[in-house]
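*Asks:* this one's sequence-less:
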C-alpha cells in the first residue's frame, strides 16, 4: 500500500513540476518489450520519461540508474527500488565484471528498459556521442523494440549540480522504432541511434 501511494504521489508531483507531457512522433505506444533510449541532462530525466509512459507500459518498464546515486540514502533507495523498480548498475566495476549483466537479466525476464546511452548527464540540449551499451543490448536481444526519446527543457529545469527543480513544462517525445541492421557496425548503429534522438528536437 505504501509503495502504491508513493508511486501515485510521485507521478502527481512530477506532472505538477514539469508536466512530462508525452508526444508520439510517427509512432504509437506499444506493449511490446522495448528499450527506450534518451538524452540525459538532469536527475529528473528518469522520472519524466517513466511518468510519460502509459500506465500499462510503465508497469513493466524499469529505468536503469546509477547505484552510486540512487543506491544511497533511504528515500532514494525506496524510490529507486520500490517505486520505480529500477535496475541499479555499478559504474565502477572491475574488468572481470560485465556492467551490462543486470540489464541483460532484466531483458531476459521480459522487462522493458529506460537507458541513457551517453552514460552521464550533460547540461546541453543535444546529446553527446553514445557509448556502446545500447548496441550490445540490441545485439543480444534483436526482437526487443528500440524506441528513441527526447526530453526537452530538463537541462534548464534541473541541470547537473542543482538540488531543486525550476518548474518548466517538459515534453517527452517518443520517436519511431529504430531497427538495427544485420551485421551493422557498432559505430554506424550508435550514430544512427543518436540521430534518431536528435530528430525529435
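*Replies:* Alright, I've got the coordinates. It should be emphasised that the depicted structure is a prediction, and the values quoted were computed from it without experimental measurement.
*Asks:* what's near enough to touch the nearest residue to residue 127 once chain neighbours are set aside?
*Replies:* Nearest residue to residue 127, sequence neighbours excluded (C-beta to C-beta, 6 or more residues apart in numbering): residue 39, at 4.0 Å. (Glycine included, C-beta is placed from N, CA and C.) Residue 39 makes contact with 45, 116, 118, 122, 126, 127, 149, 150, 151, 197, according to C-beta atoms under 8 Å, 6 or more residues apart in numbering.
*Asks:* min pLDDT across the residues you listed, which one?
*Replies:* Checking pLDDT across the contacts of residue 39, the minimum falls on residue 122 at 76.
*Asks:* What is the neighbour count of that residue?
*Replies:* Look at residue 122: counted by other C-beta atoms under 10 Å, it has 18 neighbours.
*Asks:* Confirm that it sits in a helix.
*Replies:* No. Read with DSSP: H, G, I helix; E, B strand; the rest coil, residue 122 is coil and lies in no helix.
*Asks:* the bottom helix or strand of the chain by mean pLDDT?
*Replies:* Across the helices and strands of the chain, the lowest-confidence element by mean pLDDT, DSSP states H and E is helix 154-157, at a mean of 62.
*Asks:* what ranges of this protein fall below the confidence cut-off?
*Replies:* Applying pLDDT under 70 to the chain picks out residues 93-96, 155-167.
*Asks:* Nearest to the spatial middle of it, which residue is it?
*Replies:* Nearest residue to the geometric centre of the chain (C-alpha atoms, centre = their mean): residue 114, 3.0 Å.
*Asks:* What's the separation between it and residue 74?
*Replies:* According to C-beta to C-beta, to the nearest Å, residue 114 and residue 74 sit 23 Å apart.
*Asks:* any idea which element residue 35 lies in?
*Replies:* For residue 35, the host element (DSSP states H and E) is strand 34-38.
*Asks:* Packing partners of the longest helix belonging to the chain?
*Replies:* Longest helix in the chain, counting residues (DSSP state H): helix 2-18. The contact analysis (3 or more C-beta pairs under 8 Å, 6 or more residues apart in numbering; DSSP states H and E) places helix 2-18 against helix 45-52, helix 154-157.
*Asks:* can you map out the helices along the chain?
*Replies:* Secondary structure of the chain (DSSP H): helices located at 2-18, 45-52, 55-58, 67-70, 74-77, 101-108, 133-140, 154-157, 186-198.
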